[in-house]
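Visitor: starting from these lines, generate the structure:
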Amino acid sequence: MNPTPRPLALHRNDGGAQDARVEGVLAALALIVLVGAVAGNLYAQKRRARPRQSVYDVIRRRLEAERARRDPDP
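Guide: Residues are numbered from 1 along each chain as shown. Okay, the predicted model is just below:
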């Protein structure tokens, strides 16, 4: 009596624990990125932007400098 051959059952690891670790790492990375974005935003809010020079002030200073070079006061 030969038993009927059954197909080989390959041992498959469904990866339950490994999948949980990968998901945990991805969740941690997402949390780190989120915390970094919030911290960067808070830092950027408190940082003062440098005041921009007025175009009119720059032109006025340049004209005054040119006049001073051209017409020195005695």
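Visitor: so for the longest helix along the chain, mean pLDDT?
Guide: If you go by DSSP state H, the chain has its longest helix at helix 16-46. Mean pLDDT, helix 16-46: 89.
Visitor: got it, and stretch 66-74?
Guide: According to the model, stretch 66-74 has a mean pLDDT of 77.
Visitor: can you pull the contacts of residue 67?
Guide: Contact criterion Cβ atoms under 8 Å, 6 or more residues apart in numbering gives no residues in contact with residue 67. Placement of C-beta: from N, CA and C, glycine included.
Visitor: which stretch of helix or strand covers it?
Guide: Assigned by DSSP states H and E, residue 67 belongs to helix 55-70.
Visitor: just the buried positions in that helix, please.
Guide: Buried residues in helix 55-70, counting neighbours by 16 or more other Cβ atoms under 10 Å, are absent.
Visitor: now that helix, how far from the chain's geometric center?
Guide: Here the centre of helix 55-70 is set off from its chain's centre by 42 Å, with Cα atoms, centre = their mean, to the nearest Å.
Visitor: number of nearby residues for residue 31?
Guide: Using other Cβ atoms under 10 Å, residue 31 has 10 neighbouring residues.
Visitor: and it, what is it in contact with?
Guide: Residue 31 makes contact with no residue under the criterion Cβ under 8 Å, 6+ apart.
Visitor: that one and residue 25: what is the separation?
Guide: 11 Å (Cβ to Cβ, to the nearest Å).
Visitor: again with residue 58
Guide: Applying Cβ to Cβ to residue 58 and residue 25 gives a distance of 53 Å.
Visitor: ok, now residue 69?
Guide: Taking Cβ to Cβ, one finds residue 69 at 67 Å from residue 25.
Visitor: likewise for residue 59?
Guide: Per Cβ to Cβ, residue 59 is found 58 Å from residue 25.
Visitor: equivalent analysis for residue 18, please.
Guide: For residue 18, the distance to residue 25 equals 11 Å [Cβ to Cβ].
Visitor: now do residue 68
Guide: Counting by Cβ to Cβ, the separation of residue 68 from residue 25 is 67 Å.
Visitor: again, but for residue 41
Guide: Going from residue 41 to residue 25 by Cβ to Cβ gives 25 Å.
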